[in-house]
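Novice: sequence and predicted structure, then a few things I'm wondering about:
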Amino acid sequence: MHVELIIGTAVILASIVMAAIGFWLAEGMVARMTPWLLREPHRPKLTLVLVLAVLMILGVFTATVWLWAFTFLWLDLFNTLEGAVYFAIVAFTTLGFGDVLLDPGWRILGGMTAANGLLNMGLYTAMLVELLRSVRSNQLSGLPKRSDFPD
């Protein structure tokens, strides 16, 4: 059980580092794009930020699933890459079909995979909301206020 916890914790920490790098890259991208994002038209540019952020999130999500899948293969818990990836996706998304299970000696890793997915989904959601809020707030702060117009 201790080995499971150590391996699961290491994979979770690695996935958090991967997410942090993704967030850092997304923030840097938005910072470089800010002068362009502040010019009209705003809505198509906000949509572009949304699309790029979602693609980044999907990239980190996919990398994390592969990390778990390769961990399962390394531990020889699955005979095929497809089986390892399938289980990693099902566990990470907390879908939990139950059609593929880990050996009883390693099943704690399945729960840790699910906990990692829940944690990352919350982080991804928070990052996406903050990124869009920040861009939109900056766009609106540059618009003329009603008080700027004469009556």
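Specialist: That came in fine, so what should we check first?
Novice: show me where this structure has strands.
Specialist: In the chain, no strands are found when defined by DSSP state E.
Novice: output the below-cut-off pLDDT ranges for it.
Specialist: 143-151 (pLDDT under 70).
Novice: could you tell me which helix of it is the longest one?
Specialist: helix 2-38 (DSSP state H).
Novice: buried set for that helix?
Specialist: 4, 7-8, 11-12, 14-15, 18-19, 22-23, 26, 30, 37-38 (16 or more other CB atoms under 10 Å). Heads up, the C-betas are built off the backbone N, CA and C, glycines and all.
Novice: next one: stretch 106-114
Specialist: Result for stretch 106-114 [16+ other CB under 10 Å]: buried residues Trp106, Ile108, Leu109, Gly110, Met112, Thr113, Ala114.
Novice: ok, of the residues you listed, which one's closest to Ala69?
Specialist: Thr113 (9.8 Å; CB to CB).
Novice: that closest one - nearest residue in space that isn't next to it in sequence?
Specialist: Spatial nearest neighbour of Thr113, chain neighbours left out: Ala91 (3.9 Å); criterion: CB to CB, 6 or more residues apart in numbering.
Novice: give the full set of residues in contact with the one you found.
Specialist: Shown in contact with Ala91 (CB atoms under 8 Å, 6 or more residues apart in numbering): Trp68, Gly110, Thr113, Ala114, Gly117.
Novice: tell me how far it lies from Gln139.
Specialist: 39 Å (CB to CB, to the nearest Å).
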